[in-house]
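Colleague: sequence first, then the predicted structure:
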Amino acid sequence: MIMQAIRRCFSSSTIARMKVVPVPVRSDNYAYLIIEEASNKATAVDPWDVSAVSAAAKKHVAATRLVLCDIHHDAITLLIGGFAQEFASTYPDAAIYGGSNQSPALTKIVTDKEEFTLGDNIAVKCLATPCHTQDSICYHVTDKTKQNDAGGVFTGDTLFIGGCGRFFEGTAEEMDAALTYLGTLPDKTVVYNGHEYTKGNVAFAKSVESDNKAIAKLENLAKTNEITTGLTTIGEEKEWNVFMRLEDSAVRKGAGVAVDAPKNKVMDALREAKNNFRGNL
């Protein structure tokens, strides 16, 4: 089943001079390749399954040069530790970037607003989004040769299509701050998230805000695409993602909180409800 998913993953999306290839791994995770087409080299993002990412790289590029890690994860330390160490072993010359030394095998710790370049023309800006884990980093990538390029953002376990991550190491206030931060990116920024949870997120959103027509659009997208990452934008998330719509009266009503409740109460109520929600499309 996983191998079938991997073979289906190469409907890649292109942002200016770079190509982003999602690599489905394990049951519902995504790893990615960011390919600079001019140099034919790739950067791997969260390569949970090194063999699957390596197989994808062999189909698309000549060399893999860098790894970007979104989070460490206490709940799956052996898995994430294994991928970083295995990747370092498989690609000994690759740099491995992440948000803290809790991710094994890192060669560079990055911080909020830090910027660097992949190859000649792909700009990367690091966005600290502590909550799911305290060292969570999202990566906004753009083409330096294109003026005002909206690019794409790799959101890991912070922002999902139609949802958000659990508050394993953080609070409702921190998740609200993280999603608000991501919401400041250009509306056309493409979202590349860490898990394929879209159908469940749509079902939950409908239970909260059933009259939102934007959710119907997302529902159609989820029903017609097995792989939904890379098909939505930050602007669309602000229209249909209830976790980014905490001040909307319909969302507050659906969450069961007072109209004048502080935003953290709305976020807490939504997250608790989603934790216990079992619906799907």
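Modeller: On my side now, so go ahead.
Colleague: for this protein, what spans make up the helices?
Modeller: 2-8, 50-60, 77-90, 172-182, 198-208, 213-224, 234-240, 249-255, 263-275 (DSSP state H).
Colleague: wait, which of those is closest to Asn40?
Modeller: Across the helices of the chain, Asn40 has its closest neighbour in helix 50-60 (8.4 Å, C-beta to C-beta). To be clear about C-beta, it is placed using only N, CA and C from the backbone, and glycine gets the same treatment.
Colleague: go through that closest one and flag the buried ones.
Modeller: 50, 52-54, 56-57, 60 (16 or more other C-beta atoms under 10 Å).
Colleague: same check on stretch 170-185?
Modeller: Buried residues in stretch 170-185 (16+ other C-beta under 10 Å): 170, 172, 174-179, 181-183, 185.
Colleague: with stretch 96-114 instead?
Modeller: Using 16+ other C-beta under 10 Å as the test for burial, stretch 96-114 gives 96-100, 102-106, 110.
Colleague: how about those, which pair is most distant?
Modeller: Pro104 and Val110 (15.9 Å).
Colleague: give me the number of residues near the closest residue to Met175 other than its chain neighbours?
Modeller: Distances taken as C-beta to C-beta, 6 or more residues apart in numbering place Cys131 nearest to Met175, at 4.3 Å, with adjacent residues excluded. When neighbours are counted by other C-beta atoms under 10 Å, Cys131 registers 25.
Colleague: give me the pLDDT for Ala38.
Modeller: Ala38 carries a pLDDT value of 80.
Colleague: now do the contacts for Asn241.
Modeller: 159, 161-164, 179, 201, 205 (C-beta atoms under 8 Å, 6 or more residues apart in numbering).
Colleague: 6 Å instead?
Modeller: Gly162 (C-beta atoms under 6 Å, 6 or more residues apart in numbering).
Colleague: now it: phi and psi?
Modeller: Torsion angles at Asn241 (phi, psi; degrees, to the nearest 10) stand at phi -90, psi 110.
Colleague: in strands, which of the buried residues of stretch 96-114 appear?
Modeller: 96-98 (DSSP state E).
Colleague: before we move on, the earlier item: so how far is Gly170 from the residue nearest to Met175?
Modeller: Here Cys131 is placed at a distance of 3 Å from Gly170 (C-beta to C-beta, to the nearest Å).
Colleague: how close does the residue nearest to Met175 get to Met18?
Modeller: In terms of C-beta to C-beta, Cys131 sits 28 Å off from Met18.
Colleague: and what of Ile137?
Modeller: Counting by C-beta to C-beta, the gap from Ile137 to Met18 is 19 Å.
Colleague: same thing with Lys108?
Modeller: 21 Å.
Colleague: what about Phe167, neighbour count?
Modeller: Neighbours of Phe167 under the rule other C-beta under 10 Å: 18.
Colleague: can you list the low-confidence ranges for the stretch 1-150 of the chain?
Modeller: 1-16, 62-67, 69-85 (pLDDT under 70).
Colleague: please name the bridge partners of Leu127.
Modeller: Note on Leu127: beta-bridge partners Cys138, judged by DSSP bridges.
Colleague: settle this for me: it is touching Cys138, isn't it.
Modeller: Yes: with contact defined as C-beta atoms under 6 Å, Leu127 reaches Cys138; the gap is 4.3 Å.
Colleague: okay, those two: which has more neighbours?
Modeller: The residue with more neighbours, out of Leu127 and Cys138, is Cys138; 27 against 22, by other C-beta under 10 Å.
Colleague: spit out the contact partners of the more buried one.
Modeller: 127, 129, 153, 155, 158.
Colleague: who wins on neighbours among those residues?
Modeller: Thr129 (31 neighbours).
Colleague: so that residue touches Leu159, yeah?
Modeller: No: applying C-beta under 6 Å, one finds Thr129 not in contact with Leu159, separated by 8.1 Å.
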